[in-house]
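A.B. asks: got a predicted structure here, sequence first:
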2 protein chains.
Amino acid sequence: MKLTDEQIRHYHHEGFLVLPELFGPDEVALLNGEAQRILSTQRPEVVREKDGRTARTAFAAHTYNDAFARLGRHPRLIEPAMQLVDGPVYIHQFKINAKAAFDGDVWQWHQDYGTWARDDLMPEPRALNVALFLEEVTACNGPLMFIPRSHREGKLEAGHDLDTTSYPLWTLDNATVARLAETGGMVAPTGAAGTVLLFHCNLVHASPSNISPWNRTIVYVSACHVDNHIRRFQRPDWIAHRDFAPVDCLDDDCLTAPAAAE
Amino acid sequence: MKLTDEQIRHYHHEGFLVLPELFGPDEVALLNGEAQRILSTQRPEVVREKDGRTARTAFAAHTYNDAFARLGRHPRLIEPAMQLVDGPVYIHQFKINAKAAFDGDVWQWHQDYGTWARDDLMPEPRALNVALFLEEVTACNGPLMFIPRSHREGKLEAGHDLDTTSYPLWTLDNATVARLAETGGMVAPTGAAGTVLLFHCNLVHASPSNISPWNRTIVYVSACHVDNHIRRFQRPDWIAHRDFAPVDCLDDDCLTAPAAAE
């Protein structure tokens, strides 16, 4: 699994890259089954929405679930990440974001690196998100919204939002979002389950609440160059990981091969 | 301005019809300038969001603003409405919905006729919405979402929602929305400013909050067959109008001709 020079150029220019249906229906069905099971459990890693009931995000599933452990070492996710940060990567964060039907809440306008730098002292923005759609993402179920090319602005001023949602986040003010969107515009990449979205850790993004009857589950593997590991350990290790060893990829059929062998 | 047989068939089959850029940039600029001025005023007809600050909707602008008075008699809006209800129409409701940048809130899943029947005793669903986009509608600024063909279900069970937003509405429960979307799917019609969207008063629809930096102002002219006028007058007359006389159309250039003459 190698990105082409054109794909790499697009990522660096726009701040993101879409790889439609990179994973097949069998792989997605396996992962989404596990994801919904995890989201329905009560454990500290599964953060609820403000309603106290709906699962918002499950952290670190690769540390306690076999399918997601294999996904965290999948060459279709990790090799592109290595190409884009130009070296070996470790997993800084691993999230299953539910954006549940009817009840999934907003993620405010932010840069992921804004939080990783301020809370975790990640030295440089040599990191990215590799997002895998476990369900179809449409205009109707709370798609991610990107401001193209906003990653070129570097780390922007942000405020620590403890009120809007159940999860603390360093967020941008409206004037900054408006200024960036004035030049960059805004896109809401959609696609079938199995689609992968790579985006720079400084790309400004958000997602609205989901008022549709369909869940919109996405797995985010946040990959960071191993030399660029975090320096502060104030957040729980299931939010900001401490294992800085390079990810060692499994085979391309690692998700379905074990199932086939059973 | 006449709809074709194919357009009429599409409306009755799907419950809605999109007419891209039916109004030109000069007409839209005039109307949107007036709309933003009205939305910034303090008067009973301008309902605020729950934040008490952001304008949510301005009612009855055709009764106190010259440009909207002319729009309410515009042949490009009224003649299609007459074709679709097969006879003369009066204006039951006239709304400018702001869906303001960053702060515009959700409209819950509902049928307009659900509220018109229960609150105003409109006898039959012989009415429709004629919506004119005063700004571009994209996937990012809180587009309307329709469940195609849901108008064929007739008036559905609904509950009076007084809590979710600042405006009371008879809304559908999640199970009903999920059931209808299972067969009908869901669409979010987008388009340039000037686009007109006609939809049946029993079509199930909603719109999410607007987290983008762009307003999404839409004017809704709710046209009802004159024989089908409301029988109960419990809501203010600026929400549910009492003038049941057939709308008498002006000329096609009625919006811009007076300006040209000034």
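C.D. replies: Great, that's in hand. Just so you know, these numbers come straight off a predicted model, no measurement behind them.

A.B. asks: with adjacent residues omitted, what lies nearest to the residue in the stretch 1-150 of chain A positioned nearest to chain B?
C.D. replies: When scored by CB to the nearest CB, the stretch 1-150 of chain A has A:Ala139 as its residue closest to chain B, at 3.9 Å. (Glycine included, C-beta is placed from N, CA and C.) Distance criterion CB to CB, 6 or more residues apart in numbering or on different chains; nearest residue to A:Ala139, sequence neighbours excluded, is B:Ala139 at 3.9 Å.

A.B. asks: in a strand, that neighbour, correct?
C.D. replies: No: counting by DSSP: H, G, I helix; E, B strand; the rest coil, B:Ala139 falls outside a strand, being coil.

A.B. asks: wait, what's in contact with A:Thr115?
C.D. replies: Residues near A:Thr115 by CB atoms under 8 Å, 6 or more residues apart in numbering or on different chains: A:169-170.

A.B. asks: what residues are up against A:Ser222?
C.D. replies: A:91-95, A:112, A:116, A:127-130, A:201.

A.B. asks: tell me the residues of the stretch 101-250 of chain A that contact chain B?
C.D. replies: Selection of the stretch 101-250 of chain A residues close to chain B by CB under 8 Å from any CB of the partner chain yields A:101-102, A:106, A:108-109, A:138-140, A:142-143, A:145, A:174, A:177-178, A:181-182, A:186-188, A:190, A:206, A:208-209, A:211-214.

A.B. asks: which of these fall in strands?
C.D. replies: Residues of those located in strands (DSSP state E): A:108-109, A:145, A:206.

A.B. asks: related to what we said a few turns ago, just the buried residues of the residues of the stretch 101-250 of chain A next to chain B.
C.D. replies: Buried members of these, counted by 16 or more other CB atoms under 10 Å in any protein chain shown: A:101-102, A:106, A:108-109, A:138-140, A:142-143, A:145, A:177, A:181, A:186-188, A:190, A:206, A:208-209, A:211-214.

A.B. asks: before we move on, back to that, so which of the contacts of A:Ser222 are in strands?
C.D. replies: If you go by DSSP E, these have A:91-95, A:127-130 in strands.

A.B. asks: just to revisit the earlier point, gap between the residue of the stretch 1-150 of chain A closest to chain B and B:Lys2?
C.D. replies: 31 Å (CB to CB, to the nearest Å).

A.B. asks: do A:Ser150 as well
C.D. replies: With CB to CB as the criterion, A:Ser150 and B:Lys2 are 46 Å apart.

A.B. asks: comparing those two, which residue is more hemmed in?
C.D. replies: Counted by other CB atoms under 10 Å in any protein chain shown, A:Ser150 and B:Lys2 do not tie: A:Ser150 has more neighbours, with 27 against 11.

A.B. asks: for chain A, which segments count as strands?
C.D. replies: Secondary structure of chain A (DSSP E): strands at A:16-19, A:46-48, A:55-59, A:89-97, A:107-110, A:127-133, A:145-146, A:159-161, A:169-171, A:196-200, A:205-207, A:218-225.

A.B. asks: got TSV for those, with distance to B:Pro236 too?
C.D. replies: As requested, the strands of chain A are arranged in TSV below (distance: least, CB to CB, whole Å):
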stretch	distance to B:Pro236
strand A:16-19	48
strand A:46-48	40
strand A:55-59	40
strand A:89-97	43
strand A:107-110	36
strand A:127-133	46
strand A:145-146	37
strand A:159-161	38
strand A:169-171	39
strand A:196-200	48
strand A:205-207	37
strand A:218-225	45
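
A.B. asks: need those in CSV (columns: mean pLDDT and distance to B:Gly24).
C.D. replies: CSV is the format used below for the strands of chain A (pLDDT from 0 to 100; distance: least, CB to CB, whole Å):
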stretch, mean pLDDT, distance to B:Gly24
strand A:16-19, 98, 35
strand A:46-48, 96, 49
strand A:55-59, 97, 45
strand A:89-97, 98, 42
strand A:107-110, 96, 34
strand A:127-133, 98, 39
strand A:145-146, 98, 29
strand A:159-161, 93, 42
strand A:169-171, 93, 39
strand A:196-200, 98, 37
strand A:205-207, 97, 33
strand A:218-225, 98, 41
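
A.B. asks: which one of those lies closest to A:Asp243?
C.D. replies: Across those, A:Asp243 has its closest neighbour in strand A:89-97 (6.4 Å, CB to CB).

A.B. asks: against which helices or strands is the closest one packed?
C.D. replies: With contacts defined as 3 or more CB pairs under 8 Å, 6 or more residues apart in numbering or on different chains; DSSP states H and E, the packing partners of strand A:89-97 are helix A:25-39, strand A:55-59, helix A:75-85, helix A:112-120, strand A:218-225.

A.B. asks: 6 Å - rerun?
C.D. replies: strand A:55-59, strand A:218-225 (3 or more CB pairs under 6 Å, 6 or more residues apart in numbering or on different chains; DSSP states H and E).

A.B. asks: quick one: it to helix A:75-85, angle?
C.D. replies: 120 degrees (axes from the mean of the first three to the mean of the last three CA atoms, to 10 degrees).

A.B. asks: quickly run through the sheet partners of strand A:89-97, with directions.
C.D. replies: Using DSSP bridges, strand A:89-97 pairs in its sheet with strand A:55-59 (antiparallel), strand A:218-225 (antiparallel).

A.B. asks: now the ones you listed in TSV, with distance to A:Asp120?
C.D. replies: Formatted as TSV, these follow (distance: least, CB to CB, whole Å):
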stretch	distance to A:Asp120
strand A:55-59	14
strand A:218-225	10
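
A.B. asks: ok, and the closest non-adjacent residue to the residue nearest in space to the middle of chain A?
C.D. replies: Centroid-nearest residue in chain A: A:Tyr220, 2.7 Å away (criterion: CA atoms, centre = their mean). Closest residue in space to A:Tyr220, ignoring its immediate chain neighbours: A:Lys95 at 4.5 Å, by CB to CB, 6+ apart.

A.B. asks: so the one you found sits against A:Arg56, correct?
C.D. replies: No: in this structure, A:Lys95 is not within contact of A:Arg56 by CB atoms under 6 Å, at 9.7 Å.

A.B. asks: neighbour-wise, which of these two wins?
C.D. replies: A:Arg56 (24 against 21).

A.B. asks: OK, contacts around A:Ser166?
C.D. replies: A:49-50 (CB atoms under 6 Å, 6 or more residues apart in numbering or on different chains).

A.B. asks: now do 8 Å
C.D. replies: Neighbours of A:Ser166 in contact, by CB under 8 Å, 6+ apart: A:47-50, A:56, A:105.
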